[in-house]
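Enquirer: sharing a model that was predicted from the sequence below.
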Amino acid sequence: MELSRRMLRHATLLAGRPVHKNPLKFWKRGKTYGEVATMKTILHDFNIQHGAKMVPFCGWQMPLHYKSSIMESHIHTRKHASLFDVSHMMQTYIFGRDRSQFVESLTVADVEGLKENNAVLSMFTNDNGGIMDDCIITKTSDDHIYIVSNAGCADKIGIYIETEAEQFKFKGGDISVEQICNGLLALQGPEMVQVLQPLIESDLNLDELPFMTSSMATIAGVPDCRISRCGYTGEDGVEISVPCEKTEHVADAIWSSKNGEVRMAGLGPRDSLRLEAGLCLYGNDIDETTTPVEASLAWCIGKVRREKTPTFPGAEVILSQLKKKPPKRRVGIKSRGAPARAGTPILDHRRGVQIGEVTSGIPSPSLNYNIAMGYINTQGKIGSKVILHVRQKHVEGEIVKMPFVPHKYYYKKEETQTNPK
């Protein structure tokens, strides 16, 4: 099997790399936990010029934050607009007559049922129903399916897709796979439209591009840019796939806009924003030991995929959990006092016995109290009290509905809003 150059670069980093659940806590202590960051995004020099503090992340040198603090950048995104370099994410094209069938054989998505240029959050699953990675799948109106998946799983998922593709083709399937090296920008915040619309030189009107839809466009004179109305902050936003050599030009045009207050933002605020939005971080909140049902992501499993003969890996386990209560489930928790971090035990409020563990937690910049998500092995209704065992002390918490901060995704007025995660 012949791998793409991008996959070979990823594969060279696979051997011997330690895995840590929450790299942000290591960065804050000034540690790099032995990881060698050998890859740079196309915007590396641009990031340095804008004052980025660079840290190693999944083999890449990435900005943690820029001149503003993480909290300042977080609040700015909620009030104005921030530009994130997410070019480390893996972008994959699936071509061929049987491309939808192939993607459905790897994920829980109903790709056949997607309309053209619509996207869906989905997951690659293993034979035990565990989540190998989460991803955004777009069924383009062109000749391919476009998948964006996590940098931290690029080695595993890239090789997995290539291997499964060879087997699929051996059985007569008509597909081909290409990992592309486009830059990827995320413009997030309430001023996104007023900043981006004047830079679009094609007929695309962002008012006609609702959440989880996608379109090709020319931006700041650069053709062949794909704009997807989605993001990882809970705000209205877009992710823009840009031809590699033109990524800095488009990024500078957005950053230089006089139509809004755009600032660069890094991994630090991206993490706190996604947690307020109740969104999972792979390796912390979901991994190969958690199923979509346990992760409270059952809504990602297409209705058709539940009813017809299941073809995705782990279907027997996952569909069984849909009918019965899973052994654990992901919940949101709020508290005051010392914040709970990943690994904090969750105790029963009355009996004091451990019923779960926190997977992500921060003092919320927007809410002025602590928020966390984690897994518990009891029903845990909304409003139920729990105890968080933080630094040898008991902190009272309450199970609450997620997202912690309401999503502000854009839907056209005539649309019926489905689960907006």
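Expert: That came in fine, so what should we check first?
Enquirer: please make it C-alpha for all contacts and neighbour counts, starting now.
Expert: OK.
Enquirer: packing partners of the longest helix that the chain contains?
Expert: Secondary structure of the chain per DSSP state H: the longest helix is helix 154-170. Other elements packing on helix 154-170 under the criterion 3 or more Cα pairs under 8 Å, 6 or more residues apart in numbering; DSSP states H and E are helix 5-11, strand 176-180.
Enquirer: roughly how far is whatever helix or strand comes next after the shortest one from the heart of the chain?
Expert: Heading C-terminal from strand 176-180, the first helix or strand you meet, by DSSP states H and E, is strand 183-188. Centroid separation between strand 183-188 and its chain, computed with Cα atoms, centre = their mean, to the nearest Å, is 13 Å.
Enquirer: ditto for stretch 125-134
Expert: Its chain's C-alpha centre and that of stretch 125-134 lie 16 Å apart, by Cα atoms, centre = their mean.
Enquirer: again, but for stretch 263-275
Expert: Distance of stretch 263-275 from the chain centroid (Cα atoms, centre = their mean) equals 12 Å.
Enquirer: averaged pLDDT, it. What do you get?
Expert: Average pLDDT, stretch 263-275: 98.
Enquirer: what does it rub up against?
Expert: 24, 50, 52, 62-66, 70-71, 73-74, 76, 81-85, 232-234, 255, 280, 360-362, 364-365, 372, 404 (Cα atoms under 8 Å, 6 or more residues apart in numbering).
Enquirer: now swap in stretch 105-115 and tell me
Expert: Stretch 105-115 is contacted from outside by 100-101, 103-104, 120-125, 139, 300-305, 311-313, using Cα under 8 Å, 6+ apart.
Enquirer: stretch 368-385 now?
Expert: Residues outside stretch 368-385 that contact it (Cα under 8 Å, 6+ apart) are 275-276, 278, 285, 327-337, 339-341, 346, 348-349, 355-364, 396-401, 404.
Enquirer: out of everything not next to it in sequence, what's closest to residue 143?
Expert: Closest residue in space to residue 143, ignoring its immediate chain neighbours: residue 95 at 6.2 Å, by Cα to Cα, 6 or more residues apart in numbering.
Enquirer: wait, doesn't residue 151 sit right on residue 87?
Expert: No - counting by Cα atoms under 8 Å, residue 151 sits too far from residue 87 to count as a contact (9.0 Å).
Enquirer: so which of these two has more stuff around it?
Expert: Just comparing residue 151 and residue 87: by other Cα atoms under 10 Å the higher neighbour count belongs to residue 87, 26 against 21.
Enquirer: quick one, grab the pLDDT at the more buried one.
Expert: 98.
Enquirer: tell me the contacts of it?
Expert: Residue 87 makes contact with 41, 42, 43, 182, 183, 184, 185 under the criterion Cα under 8 Å, 6+ apart.
Enquirer: ok, it to residue 158 distance?
Expert: Distance, residue 87 to residue 158, using Cα to Cα, to the nearest Å: 16 Å.
Enquirer: also residue 259?
Expert: In terms of Cα to Cα, residue 259 sits 39 Å off from residue 158.
Enquirer: partners of the nearest residue to residue 335 once chain neighbours are set aside in the sheet?
Expert: Among residues not flanking residue 335 along the chain, residue 397 sits closest, at 4.5 Å (Cα to Cα, 6+ apart). Judged by DSSP bridges, the bridge partners of residue 397 are residue 335, residue 386.
Enquirer: give me the buried positions along the longest helix of the chain.
Expert: For helix 154-170, a neighbour-count test (16 or more other Cα atoms under 10 Å) marks 154, 155, 156, 157, 158, 159, 161, 162, 165, 166, 168 as buried.
Enquirer: wait, the fourth one touches residue 135, no?
Expert: No - using Cα under 8 Å, residue 157 is not in contact with residue 135, being 10.4 Å away.
Enquirer: show the average pLDDT along stretch 222-237.
Expert: 98.
Enquirer: list the buried residues for stretch 79-94?
Expert: Within stretch 79-94, the residues that count as buried by 16+ other Cα under 10 Å are 80-94.
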